[in-house]
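> Sharing a model that was predicted from the sequence below.
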Amino acid sequence: MTIFEKSAPGRKAFKLPKNDLEEVEIKIPEHLKRKKPLMLPEVSEPEVVRHYTNLAYKNYSVDKGFYPLGSCTMKYNPKLNEAVVAFEGFYGIHPYQPWESTQGALKLMYELKEYLCEITGMDDMTLQPAAGAHGELVGMLIARAYHLSKGDVKRRIALVPDSAHGTNPASAAMAGFEVVELKSTQDGLVDLDELKKHLNDEVAVLMLTNPNTLGLFEKDILEIAKMIHDAGALLYYDGANLNAIMGRTRPGDMGFDIVHLNLHKTFSTPHGMGGPGSGPVGVKAFLKDFLPIPVIRKDGERYYLDFNVPKTIGRVRSFYGNFLVMVKAYTYILSMGSDGLEHASKMAVLNANYLRKLVSKYFDIASPRVCMHEFVVDGSKFVKQTGVRILDVAKRLLDYGVHAPTIYFPLIVHEAMMVEPTETESKETLDHFAAVLEKIVEEAKTKPEVVKTAPHTTPVRRLDDVSATKYPVFRYKK
Amino acid sequence: MTIFEKSAPGRKAFKLPKNDLEEVEIKIPEHLKRKKPLMLPEVSEPEVVRHYTNLAYKNYSVDKGFYPLGSCTMKYNPKLNEAVVAFEGFYGIHPYQPWESTQGALKLMYELKEYLCEITGMDDMTLQPAAGAHGELVGMLIARAYHLSKGDVKRRIALVPDSAHGTNPASAAMAGFEVVELKSTQDGLVDLDELKKHLNDEVAVLMLTNPNTLGLFEKDILEIAKMIHDAGALLYYDGANLNAIMGRTRPGDMGFDIVHLNLHKTFSTPHGMGGPGSGPVGVKAFLKDFLPIPVIRKDGERYYLDFNVPKTIGRVRSFYGNFLVMVKAYTYILSMGSDGLEHASKMAVLNANYLRKLVSKYFDIASPRVCMHEFVVDGSKFVKQTGVRILDVAKRLLDYGVHAPTIYFPLIVHEAMMVEPTETESKETLDHFAAVLEKIVEEAKTKPEVVKTAPHTTPVRRLDDVSATKYPVFRYKK
Amino acid sequence: MYPYIPHTEEDIKKMLETIGVDSIEELYLDVPKTVSKLNLPEGKDEFSVYRILKQMASSNKVVEKEKIFLGAGIYAHHIPQVVKALASRPEFVTAYTPYQAEVSQGTLQALFEYQTMICELTGMEVANSSMYDGASALAEAVLMAHRINSKSKVLISEAVHPEYVQTCRTYASAQNIFFEMIPVDETGMTSVEALKQKVDEDTCAVVVQYPNFFGVIEDLKVIKDAIKDAVFIVVAEPISLAILEPPGSFGADIVVGDGQPLGIEMNYGGPTVGFFATLEKHVRKMPGRIIGQTKDLEGKTGYVMILQAREQHIRREKATSNICTNHALMALTNAIYMSVLGPEGLKEVAKRCYTNAHYLAEKFEKIGLKRVFNGEFFNEFVVRVSNDYEAKWRKIFEKGFLGPLPLGWYFEKFKDCALACATEVNTKDSMDEFVEVLESDLS
Amino acid sequence: MYPYIPHTEEDIKKMLETIGVDSIEELYLDVPKTVSKLNLPEGKDEFSVYRILKQMASSNKVVEKEKIFLGAGIYAHHIPQVVKALASRPEFVTAYTPYQAEVSQGTLQALFEYQTMICELTGMEVANSSMYDGASALAEAVLMAHRINSKSKVLISEAVHPEYVQTCRTYASAQNIFFEMIPVDETGMTSVEALKQKVDEDTCAVVVQYPNFFGVIEDLKVIKDAIKDAVFIVVAEPISLAILEPPGSFGADIVVGDGQPLGIEMNYGGPTVGFFATLEKHVRKMPGRIIGQTKDLEGKTGYVMILQAREQHIRREKATSNICTNHALMALTNAIYMSVLGPEGLKEVAKRCYTNAHYLAEKFEKIGLKRVFNGEFFNEFVVRVSNDYEAKWRKIFEKGFLGPLPLGWYFEKFKDCALACATEVNTKDSMDEFVEVLESDLS
């Protein structure tokens, strides 16, 4: 039942302080005064609490259990991070306060930037983008501005592997590029021949994530970088998969010119049902004059926001970014330190390879190579043999109390199931997940209907999303 | 699975700050050094979070839904109350700090005491007792000390109605009294003849709650008070049911000499699975020298703790009481004010009478009289007709997502079910509860097995508490 | 051992055995070792980290809410504790995008209800389930207008928040879109005359803010009448919509804005949340996620993401936007806030903002600070102070007040002006005291 | 309208109709109207209340943890944030006593695990699911001892917390129980000689504290050997039990204590929680709720309250205690804390306490503050200062340090002494600084 249906006219959960001023007459022209009725809930505080509490119970979450969504890095979100953003000195400050009065915040942003530059091997960074895709847009606009600044107006092409996240081509398009898809090798890696074929003086940038979406490290990355740079193009790093390599190698060391990160993946800030995240963008020194304004800088002991960035792409949002998300990421980096971040990556890779090994007993794995922090199941043989789809397997997993992995991505794998355990999961959890998969495979063979009609024990059964889109109901109406 | 079974040797969720001192050798005699192994959980922080989060999901709570436990006043616990105890100025102070440095805390306690004295019509009060029963013990020790101070050593008897809470006789016994049970009238009220019969110069005190546990107001209370006082005894008020009468009448006005309150009932502090509560005890002026030490006092602008109470019963616990619980109750009183507390009582009584009316369609009500804030179902006829016990009805309620009322209390009603809705519940919630009861009554007639084997949808099915007591398992063992 | 990582030595050993390698190094054979050790501090225990963060937080100056007279996009409002208590539940905080709808009904229903509330506030037919903030929402609205009619000229009022305008320019920089600014007249409203002159058949969209950046309430009716078929985009402040007729009633095509006033702390500017609403006829051009109602296979009502074919993960370079992660948790916060306030509460807050701002303006006038514009305003207004206002503003700050915004930051021509704000958090006393301080500091 | 009360006028009207009365007044006919209006402030909105409470909180002086050198029953320790985050979940906070076990398995399992941990710490066979605090737990232990052997004489060490002793006296005042105090000797340990002299066949129980109020670690072995068949009651400090052999190993019959050190803030002294453990043979004499493990009707493991026949709601005046509401939420906090620390973490904290206290004692000695007792100590110790110590203590407080307890508060004979404490929260720097301040203030 929606909260609107729980309303009763006149019920209230809110009371303002007594007014010491008499309400003045509202002198707005009559036609601008609200006459359209405003249907919002009318409920008491206990009713508000119960409504949202019971909604909360209908959600799966990291705090509840294993959430192996590939590509999303659903690692545990430390409680300390949540505690520190409760300081009024962080949440209670206005972005237009005099800078002298927000030196703590500016220092935190500056140091976070420095830490992230060190982790990625980049020279400068903006913390403003609100999410990974936002960061991609910023990065691609920087790439565009760079080429234009050199008068290189022909470079309209962005190369994007067919294994890429959907945001890559979308962001490239928003940044005005023509997207050309690069076919991967059988292995799921960048095909150097294919790349060579596409390289010409119209290519502005190649977008890559490394490890790629199959969880494989592009071992030819140095050669790729050389090819790209020789062709006068730039190399863009999608940081979605940074969790695999911290403390071992860095995008900057691999030859990437532009990097975006996802603080809500690698740096443990919670995902909030879809956000807020934070997508900082780092660049090599030759690109730093293109960063969006403002850029956080330090001058002696004073931290400030620099609006005088000569070739800036401009502003990409209001104010300075998702500050509270940065506070959490900063807290995480202090907690983990250089040693801890490296250990996190190692354990993430260990977990993925261990689980890959267990799962390979029941499913084909899309690539025979050692994986990094995630791996992809190729379900096509399974589907052929059992008639049960990977979607069904995913839904059946919900019945067993675990969240399903990412499915049907990357697009280059048929009936894909992309599993990213992260380093915060224990061996026991991985063993349990494999055991559940074994059960489901058994069910698919012996009683496929159970799997095909899953889930059975969730707050709702399988939902009809086809007619939901065909006959859309966008809002509650009385 | 217990958290012990989730352990792995060496796993850690805890890290101390670096030590700037070298660990010294522990010079404890060898036989006093721990050799017995200490089996505590060894888990990571994510594992701790998931363990307790999943335990939380197995609990019913006020935030989830209707919790009509009679006698317990499970009203909504405002979120504001929880927010204010998060101030470090409240939780971060040591009880032995100089009083000059805790004037805020002392002021709060003093004002709370004053407010509670006004609400109850008493002259002085201690805030120390940790719970209602603790307050009862304090109150009864005061009664004892009072009589002894007059040399009245004969007064060994505490009269307690047969409808009383179990804590009443237990507390009286702990305070050294011989408990004599008073039979109630058919109506469930104090029987004046029975009372008269028992009154003599050995009676020290009569313990009453008013409204009583049947939810009925003792309309002869002034006469009862006169009889008790004429006999040289004291009248004790069990404040469990104060929620019915705030702003209308006061125990002090009715002639009670000693009163205990339950801040976790009437004053909205949460019940915490069974505590901490707080059970302040108020007394009339002639008893104030018997209060336990220390008593909170004001001297000009200065608040202090008075340890010089001439005839004090002594100390009843460490320090000054459950301070944070007091903070919540104080917050509630400020929020509600005189108007709000009176309104709360009225709505509590309205809710109880409304629900009583609805429920009376399906069950006998123990008394035909208008009730106060709660009422008692007499299930004996229902049990006879259907073979389904009130216990079964209670368990079946759980299947429908509501908490069961208190059952088998008061003892004077057979197959009792005691329903206290409180003022924070909406008409819709009460309607829903009645509708569920109707369904269960129908089930009891048509498919009694479903009710007798309830609950069916809870995390566990009906539990075997008989063999749990017969062959007790007190703790987890490897 | 790290508290967030469970692996014991024994675990690692067993797992390597299962994998069939001897060391973790073997898993990294493909990966060049280019870092010996990251140049970062060593990992710290949580008590030390807490202390450091507390210290950093306390080196920011928190102004008491009642002493804040600056808005300009981020507003100090009262936030009931219940909003925070519910929005911080881990089931909301630690979930992700509801890819598996059956175990995400909490998220989905809450966002469906949020969409409904945004539709109610704005008077529009359909809302998405959130954007990053008001500025990027506006930029996406401009791109959407371009998708609707493929035209290039966007007329944007100079009384739209300057940072929003800048963001639009950045987003559109790679598209075939150009902007022309429309000035305000002496009322502080966007000049309808200027607008009429600029609007033509090539006009893609017209953008105004309601109430506008100078606090003045635009007359959406006369604007709509002036702009012909151009896509009408309105940036709205949500609290004011409790007492203002919603843009939808005046024929707006897209209404966006920042949800910060609806229960979100100032957060040094982020995270907030962007809202985005439009008409059903435009919905397939809309960016962002949309939640719709449906049934499960037993006929029970449930909620799912709909119209996903517009989105990047399916449509890739042809998507309506690249947005993936949005600001769902902040949208939830908005929804809880609106549930707590209800229609009456929100109206009361709006009226209190209006009352306080008008009281403040009157007090200002008494000390010689005159309003620059004569149009009706809601909770912000511009006064003329002096050319050295910014220096004075810093001086006032030392006394504990966050004074009106130095407008010179964004408008050379208003260098001597300040944008003042009052909301329901300001009290008569705080305003009186502020005006006193101001008077003594200005003289 | 009140935010916590949902009734609209319309609701009230309909409900009265259903009941069949015309007004709420009719429901109160039996109740005399003795109050016209309570003399209390009018109800306030939450923002005003929040402000008032914030003001009150800020008028208490919070001493930085590392600058606290006073324990005496309430200790400053590091508390991981995860403890607070979990213990504040509304499912724990807003539930009550698990009367309906099937929807209270969270409470019941957590308390069952808590009992297990208390057994492990104390070395006892069974623990209850909590008491109010250490003092009342001890008082109940004395009453229990009396139930066990019906004897009257209780020997209690003068090195038991004075407030605990006072509480025992109050609880027992109405019973046939009397107390004799046993002094300490020059080691600070309870005098075994004195004990031997006092113990006889009428002795009900012997009570000592471990480590005792003066910080000294009692030799439980020699005490047990001295007390014959008397019920052996030990008050224990839980953190120390990570490195001390538990009382259970020395034949204790009842072990009680305060759980505050295990993850509970100082809270101005309350709420904390009392723990209570004993031997299986005594369990039917034990006060308080006990949770036991059982099966449901499908054979699934579950937890219920057991041995309820001892309790007041069933046994009434013959119950083992009147306790009903206990301190379950604080017991949960203890359990979460111990889950986070684990055996190694707890041991580490204990060792750090020991190390710091011994460093502090050494530093004290260097400035001429000598220990009064020569027994081994854990995290507290007594030093002799001067007769005007209390005045000095207040002066030191002004400098930001909560100095050692003026022992004169409780012991006339130790008027010139102070009870000092150090735990893992104190740092070398804070101790050095404190000793410096002390030195300059004492001279």
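It's in. Residues are numbered from 1 along each chain as shown, chains lettered A, B, ... in the order given.

> For the rest of this, base every contact and every neighbour count on C-alpha atoms.
Fine.

> Any part of the lengthiest helix in chain A near chain D?
Ranked by residue count under DSSP state H, the longest helix found in chain A is helix A:323-359. No: applying C-alpha under 8 Å from any C-alpha of the partner chain, one finds helix A:323-359 out of contact with chain D, separated by at least 13.0 Å.

> Name the residues of that helix that are buried.
A:323-359 (16 or more other C-alpha atoms under 10 Å in any protein chain shown).

> same check, this time on stretch C:164-177
Buried residues in stretch C:164-177 (16+ other C-alpha under 10 Å): C:164-175, C:177.

> Which residues does that stretch contact?
With contacts defined as C-alpha atoms under 8 Å, 6 or more residues apart in numbering or on different chains, stretch C:164-177 is touched by A:141, A:174-176, A:313-318, C:134-136, C:138-140, C:142-143, C:146, C:151-154, C:156, C:178-179.

> try it again with 7 Å
Applying C-alpha atoms under 7 Å, 6 or more residues apart in numbering or on different chains, the contact partners of stretch C:164-177 are A:175-176, A:313-318, C:135-136, C:138-139, C:143, C:152-153.

> show me where pLDDT drops low in the chain?
Defaulting to chain A. By pLDDT under 70, chain A contains no weakly predicted segment.

> not quite, I wanted chain C
C:443.

> For chain B, give me its nearest residue in it.
C:P3 (3.9 Å; C-alpha to the nearest C-alpha).

> For the nearest residue in space to that residue that is not next to it in sequence, what are phi and psi?
Leaving aside its sequence neighbours, C:P3 sits nearest to B:A13 (C-alpha to C-alpha, 6 or more residues apart in numbering or on different chains; 3.9 Å). The phi/psi pair for B:A13 (degrees, to the nearest 10) reads phi -120, psi 10.

> Spell out which parts of the stretch 101-250 of chain C neighbour chain A.
With C-alpha under 7 Å from any C-alpha of the partner chain as the criterion, the stretch 101-250 of chain C meets chain A at residues C:102-107, C:112-113, C:115-117, C:120-121, C:126, C:132, C:135-136, C:163-164, C:166-167, C:170, C:174-175, C:242-246.

> Looking at these, which are in helices?
When these are checked against helices (DSSP H), the matches are C:105-107, C:112-113, C:115-117, C:120-121, C:135-136, C:163-164, C:166-167, C:170.

> Let me see the ranges of the helices in the stretch 1-150 of chain A.
Taking DSSP state H, counting those that start in this stretch to define them, one finds helices in the stretch 1-150 of chain A at A:45-56, A:79-84, A:88-91, A:103-120, A:132-149.

> Could I get the buried residue list for the first one?
Counting neighbours by 16+ other C-alpha under 10 Å, one finds that the buried residues in helix A:45-56 are A:E45, A:P46, A:E47, A:V48, A:V49, A:R50, A:H51, A:Y52, A:T53, A:L55, A:A56.

> what's near enough to touch the residue of the stretch 1-150 of chain A found nearest chain D?
Residue nearest to chain D within the stretch 1-150 of chain A (C-alpha to the nearest C-alpha): A:A13, separated by 3.9 Å. The neighbours of A:A13, taking C-alpha under 7 Å, 6+ apart as the test, are A:V43, A:S44, A:E45, C:V340, C:L341, D:P3, D:Y4.

> Pull out the buried residues from the residues you listed.
Among the contacts of A:A13, those buried by neighbour count (16+ other C-alpha under 10 Å) are A:V43, A:S44, A:E45, C:V340, C:L341, D:P3, D:Y4.

> from those, which two are the most distant?
Spanning the widest gap among those are C:L341 and D:Y4, at 13.1 Å by C-alpha to C-alpha.

> Nearest spatial neighbour of A:E425, chain-adjacent residues omitted?
Excluding the flanking residues, the one nearest A:E425 by C-alpha to C-alpha, 6+ apart is C:P6, at 6.7 Å.

> Touching, the one you found and B:E42? I think so.
No: using C-alpha atoms under 7 Å, C:P6 is not in contact with B:E42; the gap is 9.6 Å.

> Now do the shared contacts for those two.
Joint contacts of C:P6 and B:E42 (C-alpha under 7 Å, 6+ apart) are B:R11.

> how does the chain divide into domains?
This is for chain A. Domains of chain A are assigned by automatic domain parsing as A:3-58, A:80-335, A:338-468.

> switch to chain C, that's the one I care about
Annotated domains of chain C cover C:65-76+C:344-442, C:83-337 [the TED database].

> okay if I get those as JSON lines plus distance to B:V153?
Formatted as JSON lines, the domains of chain C follow (distance: least, C-alpha to C-alpha, whole Å):
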{"stretch": "domain C:65-76+C:344-442", "distance to B:V153": "62"}
{"stretch": "domain C:83-337", "distance to B:V153": "55"}
